[in-house]
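[1] Sequence and predicted structure are below.
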Amino acid sequence: MIAYKKEKLDNAICYFANEVYKRRGEYLPQTLLYKFLSYLDFTSIERMGVPSLELKYRAYQNGPVPVDLYQNKSQYETDCFRFEARSNKRFVFISKKEADLSYFSASEISIMNDLLNKYIRKDITMKDIIDNICNDSHKDIKAWKAAYNRKKDNTMSYSDTFEDIDKKKFEDLSINEERFLVYSALKDKTICN
């Protein structure tokens, strides 16, 4: 398990909420947050072999959704941020302070900033931003596509990030695939003990 897992998630949410407000003067909609978190996790796997936050996701029509956060959002308030229900089934996350980025590696911070720079612009509406990131997540996050196409079980698997990883010979694995297999083996061992 990732050390400081809860603190890391809280500060990721706080950072995204803070930056969206600074850049647009708007609170962070839940749909946009869910896509940011999924990109952070799945891009981290591609680049480093390990998910940043280790969240569990389901593949819904509009892209990946972190299950626990989605189901428990109304009870999820920390010293970093709060959740607020708005009219018309709109929900936002509001930061309460600056995020503590010491929980993240330079690569993770780079991923977060790349996402913010790509999607959070003033020249388009928030609806268009959300539509863009939802559409992009369908193309970019391989695990979403695999889970969504399964239909019966839309639980996303981190292993779907690497095509046919379970069929490759050891010498054919990339360094990030090796890291992912080690991470998976250690995670499975930790769960069993």
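    Structure received.
[2] which residues of this structure fall in strands?
    28-29, 57-60, 63-66, 81-85, 91-95 (DSSP state E).
[3] just the ones you listed: most buried one?
    strand 63-66 (a mean of 24; mean count of other CB atoms under 10 Å). Backbone N, C-alpha and C define where each C-beta goes, glycine included.
[4] mind listing what's buried in the helix or strand of the chain with the lowest mean pLDDT?
    Least confident helix or strand, the chain: helix 175-192 with a mean of 80, by mean pLDDT, DSSP states H and E. Buried residues in helix 175-192, counted by 16 or more other CB atoms under 10 Å: 176-177, 179-181, 183-184, 187.
[5] Tell me the helices and strands packed up against that helix.
    In terms of contacts (3 or more CB pairs under 8 Å, 6 or more residues apart in numbering; DSSP states H and E), helix 175-192 is packed against helix 30-48.
[6] Report the buried residues of the helix it packs on.
    For helix 30-48, by 16+ other CB under 10 Å, it's 30-46, 48.
[7] do the same with stretch 63-82
    63-66, 69-70, 73, 76, 78, 80-81.
[8] Tell me how many other residues crowd the closest residue to Met126 other than its chain neighbours.
    Nearest non-adjacent residue to Met126, counting by CB to CB, 6 or more residues apart in numbering: Glu26, 5.9 Å away. As a burial measure, Glu26 scores 14 neighbours (other CB atoms under 10 Å).
[9] Next, work out how far apart Glu26 and Tyr76 are.
    20 Å (CB to CB, to the nearest Å).
[10] same deal with Lys139?
    29 Å.
[11] what stretches of the protein score poorly on pLDDT?
    1-3, 189-193 (pLDDT under 70).
[12] Correct me if wrong: the residue nearest to Met126 contacts Val20.
    Yes - judged on CB atoms under 8 Å, Glu26 makes contact with Val20 at a distance of 6.5 Å.
[13] and Ala143, how far is that from Thr161?
    In terms of CB to CB, Ala143 sits 5 Å off from Thr161.
[14] Mutual contacts of those two, please.
    Phe42 (CB atoms under 8 Å, 6 or more residues apart in numbering).
[15] Near Glu98, how many residues? Count them for me, please.
    The burial count for Glu98: 11, using other CB under 10 Å.
[16] Now for the nearest residue to it once chain neighbours are set aside: which residues touch it?
    Excluding the flanking residues, the one nearest Glu98 by CB to CB, 6+ apart is Asn18, at 6.5 Å. Neighbour list for Asn18: 95, 98-99 [criterion: CB under 8 Å, 6+ apart].
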